[in-house]
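> requesting a structural model of the entry that follows:
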Amino acid sequence: MKYNPNEIEARWQKYWAENKTFMADDLSDKPKYYVLDMFPYPSGAGLHVGHPLGYIASDIYARYKRHQGYNVLHPQGYDSFGLPAEQYAIQTGQHPAITTEANINRYRQQLDKIGFSFDWDREVRTSSPEYYKWTQWIFIQLFNSWYNKDADKAESICTLIAIFEKEGNAFVNAVSDDNIPVFTAEDWNGYNKEKQERILLQYRLTYLAETEVNWCPALGTVLANDEIVNGVSERGGHPVIRKKMTQWSMRISAYAERLLAGLDTIDWTESLKESQRNWIGKSVGASVTFKVKQPTSEKDMVEYFLTGDDTGDYEIEVFTTRPDTIFGVTFMTLAPEHDLVPRITTPEQKAAVEQYIEATAKRSERDRMADVKTISGVFTGAYAEHPFTKEPIPVWIGDYVLACYGTGAVMAVPAGDQRDYDFAKHFNIPIKNIFAPQPPKGENPDEIIAEEAFSAKEGFTLVNSDFLDGMSYKEATKAVIKNLEDIGRGKGKTNYRLRDAVFSRQRYWGEPFPVYYVNGLPQMIATEHLPVRLPEVEKYLPTEDGQPPLGNSSEWAWDTTQNKVVANSLIDNQTIFPLELNTMPGWAGSSWYWLRYMDPFNKEQFVSAGHEAYWQNVDLYIGGSEHATGHLLYSRFWNKFLKDRGYINSDEPFKKLINQGMILGTSAFVHEAIYNYNCTIEDINFTGMNESTEGSFTVYLSKSLADKYNTDEVKKKVKNLLLNDIFASKAIKTYRKVDLEFGEATVRNIHADVSLVNASDELDIDGFRNWRSEYNTARFITEDNGNYIVSREVEKMSKSKYNVVTPDDICEQYGADTLRLYEMFLGPLEQAKPWNTAGITGVSGFLKKLWKFYFDDKGLIVNSNPASAEAYKILHRTIKKVQDDIENFSFNTSVSSFMIAVNELTAINCHERLILEPLAVIISPYAPHIAEELWHRLGHQGSISKVPFPIFKPEYLVESSKEYPVSFNGKMRFKIELPLDMPQDEMQQLILADDRTVQQLEGKTPKKVIIVPGKIINIVM
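Okay, the predicted model is just below:
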């Protein structure tokens, strides 16, 4: 009976679907286990072989846990809102929903072919109104919440209102906007509703604010920092600029400390945890206030300091982790977008400052943070006052300071900070030394003459630092903070790099906000009227006056009497009001989706208390490392918020997380050579006519020729090809003389579609010419054997690099089980590894060999005979190894173990049921289709997926004998098999009586016989 993977796999995929084999039970008495893959976005390109890697790993684990008796929840769905579908809609006019549906159907077909054990009945889609109803609901809960720092959790906004009504805000300890005026209970109760709403907006966990954002004009939307790569949009590579816009934001910063602390409670890789720690960026130091006078000129500023007036018109607040260095401040630097910059800039500096701000707006925050080499800045003309010495300190702007980090201002201490040092050196700003014994011995300690800043916190005492002289870092830090607090110019503070998350996007294809506006103030739509559905629009671009695409809808207003969306023309700002035109960002729907899988059909709650109490959180989460500081932070934030408000019980969403590595593509390159030439042909066709021509000639050189494109050998081949072309184009048959000279030549590698290249790296030349129109007339110079050899390079698998291999092709040719095993066999799950289709034949051959254990040409050959001790030994060694490998996620070594076991069992001609039944079970998580077929053919009913995993019995691995090497004077001469429990005196008698020993001794008496039980025997002569 022949192994036919396509027939077998189709049959069992149909069986699983019809019998709902992998449906999880919400009321089971079994222990639960929740396995989840990171939400896939259904792109138009479909899956390539790199995408299923993590899915296969999670599926192996899910199947293994089912074998162990767990009630496994292993769902799948789609993060189906996104820019690609919207960009396609802009280009073609096709509604994003239509594109998304087609893409999802394509994804589903591909996923089904690979045989994943997903519980498809629980499928969710973020773009479904039934789903985003609850995303809108969670947004409303965030809006109706504030963060109580005393309780260290989010609470209902009603509790804050109650405090205001009773005692005002003087003693409220909340995460809120800065500089909120103090008011009494009497004040609050006397405010009108509008003023109260404006005050509450400064406390709500989601709020409206004018913020610096990453604006992408080409995409017409705001992008998060993690959506920008090398200063351009990740999607499409479009320029991104910084600009101020009124946006919805979320106070994720309120959870900064809890997000840090929570990392110690979850089983994630240390590198992933460190990425989050760095993104959150906790710093302990001090807040310091510097006063600035608003002068009409730099001369006025000098007068201000001469008169000693310390009132100041403005204050610059800085956060520093090194308050001990405050006497080393010689200048200040503000972020170019800092609010104070236009207010304190003098007329003389205005033009230079504005020009610098405009240039900086074209650079992303990430670009500015990463660029440590470029030094740039402009003096504002303003001076700040040192809080202790009262000395004037020049105020500059520089793009190495970010408005979103800290206060957007730094007190620059060039003696103690390398960037400040480089900036001071570049602009010839004084550098004051405050460290001893940092200068070379004998040098003036008042000046720094070193080539770099001294940034250490140990090994120095302070000098030139007034009351801090002689103190260490720790002593000085305490003293400075105390003195700052005494004079009212600062305090100790903990700061975080983590900024509040912008939650608005100026696009169509996203969740609509459940918000309408009354007198410019946001009002939430009552939850019983959700979802607010996306309207139809004629255009998916922003409106002509720059409003988001929802501004194109003629029906996007909220009727508060009928509680429904109505025509914009009916807006009267009495009972009918405008709706929010922005939509939510791409991370909104993915920030809580694991909870919906627990209870996907619930129309009354996003998840019921009972379902959440049973499933709790995700036990195993697998996905790419690119989500370390985006999705994973936002998900943890929303989860902690929902716990605070009592909707769920788990503090962390994902117990264990594994980042799978990337499967890389092996790209193919042709070598395009362009030769500039000058050609003169005399006496053409013996008519006396001459012809001169010059130009460039493009030819594609085979690999060995491309490396020596400028040699006479290659140029001769190019010359022959070029002259043939020239003669043909000019109908030249005969000539007297031809002179052809080559000028400058260049060669570049161009991606070729890997489907046009065989395993020997030979290009299908005709296929290449037909592949794209620009290559229809391409000229090739091949190797001497007539073959064109491409170059190869391992790089990211991508449609743009034409190196994509689809799982469909592999499944069709080799079967899904082969694909699953091969992807695991490629290497450790977490590491990147190159794809090589040629290597898949070995795995395919293994499955055919496995099949032959059970079947020959006539049918089933499994017998019921007792199994040998050796067979049991092989089986139980494999059980132990596979079990350990799965639990340690070392899937690649499991595949090797299967191959070893099959080879060893083949060697002893094993066909016993007692061995082959459990073998089918242990291989089933990896190759489920063939395992199901084997189990069925062995006479069992139902799916193998529910069969208990074989129990490892260590007694089968206990050796009863040992093959000892027998050495004479340290040189091994022969081996002998002896029982492990044989006494040493009996071993010695047996060895000395052995004919081979007698032959070696040649009648001599050995001086000593050394026996190490279980190891060696050595006879000393």
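> give me the pLDDT for the nearest residue to Lys149 once chain neighbours are set aside.
The shortest distance from Lys149 to any non-neighbouring residue, by Cβ to Cβ, 6 or more residues apart in numbering, is to Asn173 (4.3 Å). To be clear about C-beta, it is placed using only N, CA and C from the backbone, and glycine gets the same treatment. Note for Asn173: predicted pLDDT of 97.
> state the number of residues packed around Asn173.
Asn173 sits with 11 neighbouring residues when counted by other Cβ atoms under 10 Å.
> that one is in contact with Trp146, isn't it?
No. Counting by Cβ atoms under 8 Å, Asn173 stays clear of Trp146, with 10.9 Å between them.
> count the neighbours of Trp120 for me.
Trp120 has 18 nearby residues by other Cβ under 10 Å.
> nope, Ser890 is what I was after
Residues lying near Ser890 (other Cβ under 10 Å) number 17.
> so which strand or helix has the spatially closest residue to it that is not a sequence neighbour?
Leaving aside its sequence neighbours, Ser890 sits nearest to Pro828 (Cβ to Cβ, 6+ apart; 7.0 Å). Assigned by DSSP states H and E, Pro828 belongs to neither a helix nor a strand.
> need the per-residue pLDDT for Pro828.
94.
> from Glu626, how far out is it?
19 Å (Cβ to Cβ, to the nearest Å).
> cool, Arg125 as well?
22 Å.
> which ones are touching Ser704?
Ser704 makes contact with Glu783, Ile789, according to Cβ atoms under 8 Å, 6 or more residues apart in numbering.
> where does it sit: helix, strand or coil?
Assigned with DSSP: H, G, I helix; E, B strand; the rest coil, Ser704 falls in the helix class.
> hang on, Thr380 is in a strand, isn't it?
Yes. Counting by three-state DSSP, Thr380 is found in a strand.
> I'd say it and Pro342 touch.
No. Counting by Cβ under 8 Å, Thr380 stays clear of Pro342, with 9.5 Å between them.
> picking up where we left off before, just list the residues touching the residue nearest to Ser890, thanks.
By Cβ under 8 Å, 6+ apart, the residues touching Pro828 are Gly661, Ser890, Asn892.
> so of those residues, which ones are in helices?
Asn892 (DSSP state H).
> how about the contacts of Pro828 in CSV, adding distance to Thr543 and pLDDT?
Listed next are the contacts of Pro828 as CSV, based on distance: Cβ to Cβ, whole Å; pLDDT from 0 to 100:
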residue, distance to Thr543, pLDDT
Gly661, 44, 93
Ser890, 55, 95
Asn892, 54, 95
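> quick one: which of the contacts of Pro828 is nearest Tyr735?
Gly661 (61.2 Å; Cβ to Cβ).
> identify the contacts common to Thr380 and Pro342.
Joint contacts of Thr380 and Pro342 (Cβ under 8 Å, 6+ apart) are Val353.
> strands of the stretch 451-600 of the chain, start to end?
Using DSSP state E, counting those that start in this stretch, the strands assigned to the stretch 451-600 of the chain run over residues 461-462, 490-496, 501-502, 515-518, 521-524, 557-559, 564-566, 576-578.
> neighbour-wise, which of Thr380 and Pro342 wins?
The residue with more neighbours, out of Thr380 and Pro342, is Thr380; 29 against 12, by other Cβ under 10 Å.
> contact partners for the more buried one?
Neighbours of Thr380 in contact, by Cβ under 8 Å, 6+ apart: Leu334, Val341, Ile344, Thr345, Thr346, Gln349, Val353, Val395, Trp396, Ile397.
> which of those lies closest to Gly69?
For these, the closest approach to Gly69 (Cβ to Cβ) belongs to Leu334, at 62.7 Å.
> the closest one against Met411, yeah?
No. Judged on Cβ under 8 Å, Leu334 makes no contact with Met411 at a distance of 10.9 Å.
> before we move on, the earlier item: the strands of the stretch 451-600 of the chain: which one's closest to Val229?
Between Val229 and the strands of the stretch 451-600 of the chain, the tightest spacing by Cβ to Cβ is seen for strand 501-502, at 17.8 Å.
> list the strands paired with the closest one, with their directions.
strand 241-250 (antiparallel) (DSSP bridges).
> following the strand it pairs with, which helix or strand comes up?
Downstream of strand 241-250, the next assigned helix or strand under DSSP H and E is helix 256-262.
> buried residues in that next one, which are they?
Ala256, Leu259, Leu260, Gly262 (16 or more other Cβ atoms under 10 Å).
> stretch 683-690 now?
Here stretch 683-690 shows Ile684 as buried, counting by 16+ other Cβ under 10 Å.
> just stretch 826-836 next, same as before
Buried-residue list, stretch 826-836, by 16+ other Cβ under 10 Å: Leu826, Leu829, Lys833, Pro834, Trp835.
> what helix or strand is Phe742 located in?
Going by DSSP H and E, Phe742 is part of strand 737-752.
> repeat for Phe290
Following DSSP H and E, one finds Phe290 within strand 282-292.
> helices or strands next to that strand in the packing?
helix 256-262, strand 314-320, strand 378-385, helix 473-487, strand 490-496 (3 or more Cβ pairs under 8 Å, 6 or more residues apart in numbering; DSSP states H and E).
> ok, and what's touching the very next helix or strand once past the first one?
What it means is helix 256-262. Downstream of helix 256-262, the next assigned helix or strand under DSSP H and E is helix 270-280. Here helix 270-280 makes contact (Cβ under 8 Å, 6+ apart) with 256, 259-260, 263, 496-498, 625, 628-629, 632-633, 657, 659.
> chain center to stretch 533-540, what's the gap?
31 Å (Cα atoms, centre = their mean, to the nearest Å).
> picking up where we left off before, show me which of the buried residues of stretch 826-836 is closest to Glu475.
Nearest to Glu475 among the buried residues of stretch 826-836, with distances taken as Cβ to Cβ, is Leu829, at 50.0 Å.
> got a list of what the closest one touches?
Leu53, Gly54, Ala57, Ile658, Gln660, Gly661, Phe889, Ser890, Phe891, Asn892.
> could I get those residues as TSV with distance to Leu541?
As requested, the contacts of Leu829 are exported to TSV (distance: Cβ to Cβ, whole Å):
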residue	distance to Leu541
Leu53	37
Gly54	36
Ala57	41
Ile658	41
Gln660	37
Gly661	39
Phe889	46
Ser890	50
Phe891	47
Asn892	48
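> circling back to that earlier point, dump the C-alpha coordinates for the strand holding Phe290 into CSV.
Only the C-alpha atoms of strand 282-292 are listed here, as CSV (Å, rounded to 0.1, in the frame of the first residue of the first chain):
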residue,chain,number,x,y,z
LYS,A,282,12.6,54.0,34.4
SER,A,283,15.0,56.7,35.8
VAL,A,284,15.4,58.0,39.4
GLY,A,285,16.6,61.5,39.9
ALA,A,286,15.3,65.0,40.5
SER,A,287,13.0,67.6,38.9
VAL,A,288,14.7,71.0,38.7
THR,A,289,13.1,74.4,37.8
PHE,A,290,15.1,77.1,36.0
LYS,A,291,13.6,80.5,35.6
VAL,A,292,13.7,82.4,32.3
